[in-house]
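K.L.:
Could you look at this predicted model? Sequence included:
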Protein chains: 2
Amino acid sequence: MADTNWPSCCRSLKGVVLDMCGVLYDSGEGDGVAIPGSIEAVQRLKASDLQLRFCTNETQATREKFVAKLQRLGFDISVSEVFPPAPAVVAVLKQRGLRPHLLVYDGVLPEFDSIDKTNPNCVVIGDAAENFSYQNLNEAFRVLVGLEKPVLFSMGQGRYYKETDGLKLDVGVFMKALEYACDLEAEVIGKPSPMFFQTVLGDMNLQPHEALMIGDDLVNDVGGAQHCGMKGVQVRTGKYRPSDERHPTVTADGTVDNLAQAVDMILAQRGH
Amino acid sequence: MADTNWPSCCRSLKGVVLDMCGVLYDSGEGDGVAIPGSIEAVQRLKASDLQLRFCTNETQATREKFVAKLQRLGFDISVSEVFPPAPAVVAVLKQRGLRPHLLVYDGVLPEFDSIDKTNPNCVVIGDAAENFSYQNLNEAFRVLVGLEKPVLFSMGQGRYYKETDGLKLDVGVFMKALEYACDLEAEVIGKPSPMFFQTVLGDMNLQPHEALMIGDDLVNDVGGAQHCGMKGVQVRTGKYRPSDERHPTVTADGTVDNLAQAVDMILAQRGH
């Protein structure tokens, strides 16, 4: 049963922000698979008077390759509509004159081509998956422990995500590992960082209360957006688990079966 | 400069407990290397009227193989004097009827031969080193997340240790990773768990104030022992770092250059 109270706020809505993995598609072998109804749901939002952006903690590919994958799955999405953490990290590194040691997935490396990586004075981690080997974690640890003021950037802080063959540990788990090893606190770039949501809102030129986030991650998508003043709705796809609906600190403004149902309810409120 | 106040407590001392890696030897290729003076220091303690035990968070080998390695390095040590976490975990598993999924180093597996491991209802991690692969961590995570009441045992909670080729991440780092992934708190078996020190004290039939712990790990050896009512002295070998001497919460009763110096000072107080 979907919550029936939240859609009323959609009458004054001006923009929708969608999480991608677990909302649009499930990742896995090859390109993964589109979640039924999501391709049409994106089309219907685009045909409406709402602005639409995509906000993802995806860090396994460059933005270009990631968007190309979504297009192959059938989604009408362009690069300028998609906000992943890597370009945001590159901006911060340049601004602060930092040279990273990267512990990331090979596919995202080209995003860092323009950055000096010699004699590193910080560490950047993303969802490195199989690259989270004991050896690579030791290497990142040794860089950090050798710095007078160790700085660790984490592209997101997710606990796990769902691939077609099961749940997999996400970057946040290895962020916590290195935080404990080095007795430091990482700087998170990506959801649920308020700065990250603000960038997307700024791109739409909207105030937080004018935008709605839809995601499968209760804490990072829904909680992060709410913390920013946006509404947050959770879908029962992707990494959703029934226990999310009795979470001790985060309560979604609404919970729906999938993106298609969310879009039905939003557009119905707006007389579409 | 060694602290010159602590040795006076040694006049009433009845037993000494030694950490092993970083105090007796440095691990690394092959058997590792004995720390200069430590072989003779153990001999001198054994020749004194003090009781002597060895308390280690070593979980890469069975107790028998571990002791055989120390003997090859030249130490006069027998199996019954050495207290590692694995036998303590096996006792707890049997007592509570738990069947473990093991994420440990291959060498320690025989310690768990007597335990039913089918259809696991808990996870046990040790210093698995290279076995801490992304795939193995995912497997342990999936076992935990599939249990109604997930139980995680960690054999120690160390951050890192020193091998001859550099610092390496210890089991505590991966304990924190799985704790975050599953939103649970692990049960630590090994130092600094008070129960673990109590077992060693019980074996010597001593009260805490009658025993002194000597280790290279300020938090787990020194702090753990002090928390139990024992005295704790840190050696400047193994994983010792100068910043340990201005640690915000743990202050050693004494800091010495190495085990040989500690034993010199202890025995001098006792008129040897």
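P.N.:
Received, thanks. Numbers count the residues shown, from 1 in each chain, chains lettered A, B, ... in the order given.
K.L.:
how about the residue nearest to A:Glu185 when sequence neighbours are not counted, what does it touch?
P.N.:
In space, and not counting its chain neighbours, A:Glu185 is closest to A:Glu179: 6.2 Å by CB to CB, 6 or more residues apart in numbering or on different chains. Where you see a C-beta, it was placed from the backbone N, CA and C, and this is true even at glycine. For A:Glu179, the contact set (CB atoms under 8 Å, 6 or more residues apart in numbering or on different chains) comprises A:Leu152, A:Glu185, A:Ala186, B:Lys176.
K.L.:
Sticking with A:Glu179, tell me its helix or strand.
P.N.:
If you go by DSSP states H and E, A:Glu179 is part of helix A:171-182.
K.L.:
gap between that helix and the chain center?
P.N.:
19 Å (CA atoms, centre = their mean, to the nearest Å).
K.L.:
returning to that earlier point: which of the contacts of A:Glu179 lies closest to B:Gln198?
P.N.:
Distance to B:Gln198 across the contacts of A:Glu179 (CB to CB) is lowest for B:Lys176, with 24.9 Å.
K.L.:
Walking through the stretch 51-200 of chain A, point out its helices one by one.
P.N.:
Ranges of helices in the stretch 51-200 of chain A, per DSSP state H, counting those that start in this stretch, are A:63-73, A:85-96, A:134-145, A:171-182, A:194-204.
K.L.:
Rounded mean pLDDT for stretch A:120-140, please.
P.N.:
In this model, stretch A:120-140 has an average pLDDT of 97.
K.L.:
List the buried residues of it.
P.N.:
Under the neighbour-count criterion of 16 or more other CB atoms under 10 Å in any protein chain shown, stretch A:120-140 has A:120-129, A:131-134, A:136-138, A:140 buried.
K.L.:
Do you know the pLDDT at A:Ser243?
P.N.:
Looking at A:Ser243, the pLDDT reads 92.
K.L.:
Ok, A:Arg96 next?
P.N.:
For A:Arg96, the pLDDT comes out at 95.
K.L.:
Would you mind naming the residues that bridge with the closest residue to A:Ala211 other than its chain neighbours?
P.N.:
Excluding its sequence neighbours, the residue lying closest to A:Ala211 (CB to CB, 6+ apart) is A:Gly15, at 4.4 Å. A:Gly15 has these beta-bridge partners by DSSP bridges: A:Gln51, A:Ala211.
K.L.:
list the contacts for A:Gly15?
P.N.:
A:Leu50, A:Gln51, A:Leu52, A:Arg53, A:Leu201, A:Met204, A:Leu206, A:Glu210, A:Ala211, A:Leu212.
K.L.:
can you rerun that using 10 Å?
P.N.:
Contact analysis of A:Gly15 by CB atoms under 10 Å, 6 or more residues apart in numbering or on different chains lists A:45, A:50-53, A:200-201, A:203-207, A:210-213, A:230.
K.L.:
same thing with A:Leu201?
P.N.:
A:Gly15, A:Val17, A:Arg53, A:Cys55, A:Gln207, A:Pro208, A:Glu210, A:Ala211, A:Ala225, A:Cys228, A:Gly229, A:Met230.
K.L.:
repeat that for 8 Å
P.N.:
When contacts are counted by CB under 8 Å, 6+ apart, A:Leu201 touches A:Gly15, A:Gln207, A:Pro208, A:Ala211, A:Cys228, A:Met230.
K.L.:
before we move on, what about A:Phe141?
P.N.:
A:Phe141 makes contact with A:Leu178, A:Ala181, A:Cys182, B:Tyr160, B:Leu167, B:Leu169, B:Val173, according to CB under 8 Å, 6+ apart.
K.L.:
Mind putting these into CSV with pLDDT, neighbour count and distance to B:Ser114?
P.N.:
Formatted as CSV, the contacts of A:Phe141 follow (pLDDT from 0 to 100; neighbours: other CB atoms under 10 Å in any protein chain shown; distance: CB to CB, whole Å):
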residue, pLDDT, neighbour count, distance to B:Ser114
A:Leu178, 98, 25, 36
A:Ala181, 97, 25, 33
A:Cys182, 97, 21, 38
B:Tyr160, 91, 21, 31
B:Leu167, 90, 18, 35
B:Leu169, 97, 24, 30
B:Val173, 98, 25, 29
